[in-house]
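# Generate coordinates for the sequence data below:
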Amino acid sequence: MNDPTQLTTSNSKRETENSKQNLGRREKILLYAPLFIWIGVIFFLSSGQGSSTRTSLIIRPLLEFLFPAASSETIAFYHGVIRKLAHFTEYGVLGFLACRAFAGSSANFLRRHCYIASMILVLSVAGLDEFNQSFNPERTGSPVDAMIDLGGGVSAAILFYLTRRKQRH
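Numbering: from 1, shown residues only. Prediction:
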């Protein structure tokens with residue numbers, strides 16, 4: 001017959017292993033889900049929903065309210081600046097989320113090269129984003145936008161690095 005204490009110990013070990021596996025899965029989801037969701041947001045905004053025509057429905061009235069004496073050309077200029085800053089910020093968030101996910105990865109290679117891997121991801125998403133936009137009549141694909149995107153990703157990676165370095169010291 002089996003010793004009841006051995007069964008209890010055996011069950012306890014199995015439960016501990018299962019809870020570690022579940023914790024590992026949960027940690028991976030918490031690391032990678034925001035990254036994948038944000039990539040989805042970027043590709044949604046890459047559609048006609050993020051076109052200048054659509055964003056001007058919100059941004060233009062706001063600019064006209066804030067600057068009632070501004071000319072139409074000035075409003076159009078600031079609308080363009082806001083759109084470029086949105087590119088920078090959007091990819092800054094992507095760069096941060098990628099650094100966060102890769103730095104916490106269980107894959108040793110990704111952990112060691114989290115900044116390079118993050119920038120490869122940022123540049124890949126930016127390239128696909130601009131390529132996708134080139135097929136949309138409401139959008140224009142632009143290498144300049146891809147460089148702005150990369151600038152946002154690099155800036156976020158630098159901030160991530162500096163924050164991590166400060167926390168370690």
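
# what sits against the spatially most central residue of the chain?
The residue lying closest to the centre of the chain (C-alpha atoms, centre = their mean) is Leu94, at 2.1 Å. Shown in contact with Leu94 (C-beta atoms under 8 Å, 6 or more residues apart in numbering): 35, 38-39, 42, 121-122, 125, 152-153, 156. Any C-beta I mention is one placed from the backbone N, CA and C, and that applies to glycine too.

# at 7 Å instead, please
Listed by C-beta atoms under 7 Å, 6 or more residues apart in numbering, the contact set of Leu94 reads 38-39, 42, 122, 125, 153.

# roughly how far apart are it and Arg165?
Between Leu94 and Arg165 the computed distance is 21 Å (C-beta to C-beta, to the nearest Å).

# again with Lys84
Counting by C-beta to C-beta - Lys84 and Arg165 are separated by 30 Å.

# of the two, who's got more company?
Lys84 (12 against 9; other C-beta atoms under 10 Å).

# Surely the more buried one is in contact with Ile148?
Yes. The pair formed by Lys84 and Ile148 meets the contact definition of C-beta atoms under 7 Å, at 5.8 Å.

# For the protein, which residues score under the pLDDT cut-off?
1-23 (pLDDT under 70).

# let's see it at 50
16, 19-20, 23 (pLDDT under 50).
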